Every structure is written in C-alpha cells, then in structure tokens.
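[1] missing the sequence, but the structure's below:
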C-alpha cells in the first residue's frame with residue numbers, strides 16, 4: 001500500500017508539523033514502507049526526511065497566504081501520479097482520506113472573531129475536506145465535538161487520539177540541572193519565572209500576559225520562547241529567549257509554564273511542562289485540560305485579566 005502524508009511544512013516547527021514528523025518516525029521504527037511526504041516546505045536535513053519520500057511543491061512564486069490552497073489544488077493530480085492508496089492530511093487540504101484534526105477554522109473564528117477573504121476560502125476548503133474525508137483523527141475531545149458541530153461529521157468515523165510525547169525528551173531534571181539551565185538562559189534568581197511557548201502570540205494569549213506581567217509589582221518574570229516579541233517595545237518583566245530547538249531545556253530553567261490561549265485545540269506546552277516536572281498555569285478552554293487532573297494544573301478564565309490576578 002502506498003501511503004501519502006500532506007502537511008503545511010515538514011520542518012521543525014509547530015504542533016501539526018511535529019505530528020507529521022512523529023508519524024513518519026513511528027512508521028520507520030515499525031519497519032513499514034516509507035510514506036510519501038507532500039508539502040510546500042521540507043527540511044531535507046531532518047532524520048524523518050530520510051525515512052520518507054519527500055515531494056516538495058514549489059510555491060515561492062505565490063503570496064504566503066495562497067500557498068496552502070495551491071498545495072491542496074495540486075494534491076489530486078500528485079496523488080494520481082504517485083499512485084497513492086491512502087492520504088492523511090496534517091493540515092487543511094482536499095483529496096485526503098483521513099484528516100488529522102488539530103483545529104477547525106470555524107472554532108478559531110468563534111474564539112477570535114474576524115472575517116476576511118482568507119477566512120472565506122479557508123472555510124470553503126475545510127468544508128470540502130470534511131465532505132470528502134472518510135475518517136477523522138481528532139487531537140482532543142474538544143476537536144471531536146467541533147468536527148461534529150460544524151461539519152456534521154458522523155461520530156462513528158471520528159477517533160480521539162492524543163498526539164505522542166517523546167518520553168526520553170520530556171522528563172524531570174534534577175535540581176542541579178535546573179540551576180544550570182537557569183544560568184544558561186540568564187534568568188534572575190530573585191524572580192519567579194513563567195515560561196510562555198508560542199508560535200502565534202495573539203492566539204496564545206500574549207496580550208493578556210503582557211498586561212498582567214508589565215503591571216504587577218510581584219517579583220515575577222515572563223520568559224517567552226518562540227516567535228519574537230513586538231519590535232520597539234521594552235519590557236521590565238518580560239524576557240525573550242528566542243526559538244528553542246530543545247524546548248525541554250527552557251522548561252527545566254523555569255519555575256512554571258503558562259498558556260493563556262484564546263483558542264487551543266490541544267496545547268502541547270502544558271503537557272511537556274508537566275513531563276519535565278514544571279508546574280503549569282492554563283486558561284480553562286484548552287483541549288489538553290481534559291487530560292490533566294485538577295491537582296496538576298492551575299486554571300484561569302481565557303482572556304480575563306481579573307481571574308489571572310486572583311490566582
């Protein structure tokens with residue numbers, strides 16, 4: 001059987017990209033045939049790229065927001081040319097048999113209201129995707145509910161399978177290790193540090209955290225890893241440490257992690273944090289909340305500064 005995987009990027013990046021790479025890695029460990037990986041951007045230096053048959057679609061001539069639509073448009077022909085029997089979609093795309101659902105656009109728009117031309121075409125493409133797909137693998141119970149709510153997808157053809165977390169990577173560090181990593185990142189010893197991991201600051205709730213940390217008189221510091229902070233701003237209680245290929249080191253260095261997302265289909269960061277032995281604070285709407293027992297999480301209301309202040 002010839003298996004294909006289509007994803008927005010086969011790179012070291014966000015959650016869905018990670019899932020696609022993990023899927024290939026697991027197939028390799030099981031000794032299965034190499035899958036075809038179809039994407040607009042492929043990092044050929046990744047081990048997973050060697051364990052698959054990469055098919056990179058050149059989209060450089062198009063504006064960034066049109067590229068995913070172009071890949072979806074090309075996928076039908078590419079599927080026929082490669083003779084693919086089954087295609088799994090890690091991202092919004094037509095011509096797939098199985099949708100790995102890490103979020104829905106209607107759910108996103110409900111949490112972060114807006115309407116534009118990009119949203120119009122995204123909604124149209126996603127509707128087609130679910131109309132044509134045979135099965136859905138939802139990354140959380142929350143996503144399973146949204147797929148049924150927005151697309152009336154049959155419940156019996158939806159499976160909730162939580163994404164894997166590499167146990168050898170995310171594990172507890174000893175106190176000495178934590179002190180060394182704290183020094184490595186230049187974090188002060190006289191402040192309680194909160195790690196905020198984000199590739200999309202607005203959706204992940206940075207505005208709320210900025211208001212809280214910059215107005216408080218408490219000895220606390222927000223440590224931001226991932227997307228750069230807004231240019232031209234200076235912060236007194238916020239420190240940016242850049243993109244981290246080994247994010248577990250940042251979890252070791254900090255006292256807590258925090259995620260204040262307005263829309264979060266799952267939320268890997270809190271789970272990774274707890275596996276590293278670092279307590280977590282989360283907004284109450286995260287998909288991963290269904291996985292975490294109450295004694296292992298501190299919750300506050302999404303977008304509500306008062307509920308955060310009262311913790």
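    That came through fine. Everything numeric here is computed off the predicted structure, so don't read it as measured data.

[2] would you list every one of the helices in this structure?
    For the chain, applying DSSP state H gives helices covering 15-29, 47-50, 67-82, 105-111, 117-132, 141-151, 175-184, 201-204, 206-215, 247-253, 268-275, 305-309.

[3] Residue 282 is nearest to which of those helices?
    For the helices of the chain, the distance to residue 282 is smallest for helix 268-275, at 5.1 Å, taking Cβ to Cβ. Every residue, glycine included, has its C-beta placed from N, CA and C.

[4] Could you check the angle that closest one makes with helix 15-29?
    Helix 268-275 runs at 60 degrees relative to helix 15-29, counting by axes from the mean of the first three to the mean of the last three Cα atoms, to 10 degrees.

[5] and residue 37, how many neighbours?
    Residues lying near residue 37 (other Cβ atoms under 10 Å) number 25.

[6] How about the contacts made by residue 186?
    Residue 186 makes contacts with residue 239, as judged by Cβ atoms under 8 Å, 6 or more residues apart in numbering.

[7] What separation do you get for it and residue 242?
    12 Å (Cβ to Cβ, to the nearest Å).

[8] could the helices of the chain go into CSV alongside mean neighbour count, distance to residue 163 and mean pLDDT?
    Shown next, in CSV, are the helices of the chain (neighbours: other Cβ atoms under 10 Å; distance: least, Cβ to Cβ, whole Å; pLDDT from 0 to 100):
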stretch, mean neighbour count, distance to residue 163, mean pLDDT
helix 15-29, 19, 5, 91
helix 47-50, 15, 15, 94
helix 67-82, 17, 20, 94
helix 105-111, 16, 17, 96
helix 117-132, 15, 19, 95
helix 141-151, 19, 11, 97
helix 175-184, 13, 25, 93
helix 201-204, 18, 17, 95
helix 206-215, 18, 23, 96
helix 247-253, 23, 15, 96
helix 268-275, 23, 7, 94
helix 305-309, 15, 27, 90
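
[9] need those helices in JSON lines with distance to residue 286, can you?
    Putting these into JSON lines (distance: least, Cβ to Cβ, whole Å) gives the following:
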{"stretch": "helix 15-29", "distance to residue 286": "13"}
{"stretch": "helix 47-50", "distance to residue 286": "27"}
{"stretch": "helix 67-82", "distance to residue 286": "25"}
{"stretch": "helix 105-111", "distance to residue 286": "11"}
{"stretch": "helix 117-132", "distance to residue 286": "21"}
{"stretch": "helix 141-151", "distance to residue 286": "8"}
{"stretch": "helix 175-184", "distance to residue 286": "25"}
{"stretch": "helix 201-204", "distance to residue 286": "10"}
{"stretch": "helix 206-215", "distance to residue 286": "14"}
{"stretch": "helix 247-253", "distance to residue 286": "17"}
{"stretch": "helix 268-275", "distance to residue 286": "7"}
{"stretch": "helix 305-309", "distance to residue 286": "14"}
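
[10] of the ones you listed, which approaches residue 164 most closely?
    Minimum separation from residue 164 across the helices of the chain (Cβ to Cβ) falls at helix 15-29, 5.5 Å.

[11] helices or strands up against the closest one?
    Packing contacts for helix 15-29, counted by 3 or more Cβ pairs under 8 Å, 6 or more residues apart in numbering; DSSP states H and E, involve strand 3-7, helix 47-50, strand 86-90.

[12] Could you tell me which strands the first one is paired with, and in which direction each runs?
    Okay, so that is strand 3-7. Here strand 3-7 has these sheet partners by DSSP bridges: strand 36-39 (parallel), strand 86-90 (parallel).

[13] what separates residue 294 from residue 282, distance-wise?
    Separation of residue 294 from residue 282 (Cβ to Cβ): 12 Å.

[14] Between these two, point out the one with more neighbours.
    Comparing residue 294 with residue 282 by other Cβ under 10 Å, the one with more neighbours is residue 282, at 25 against 8.
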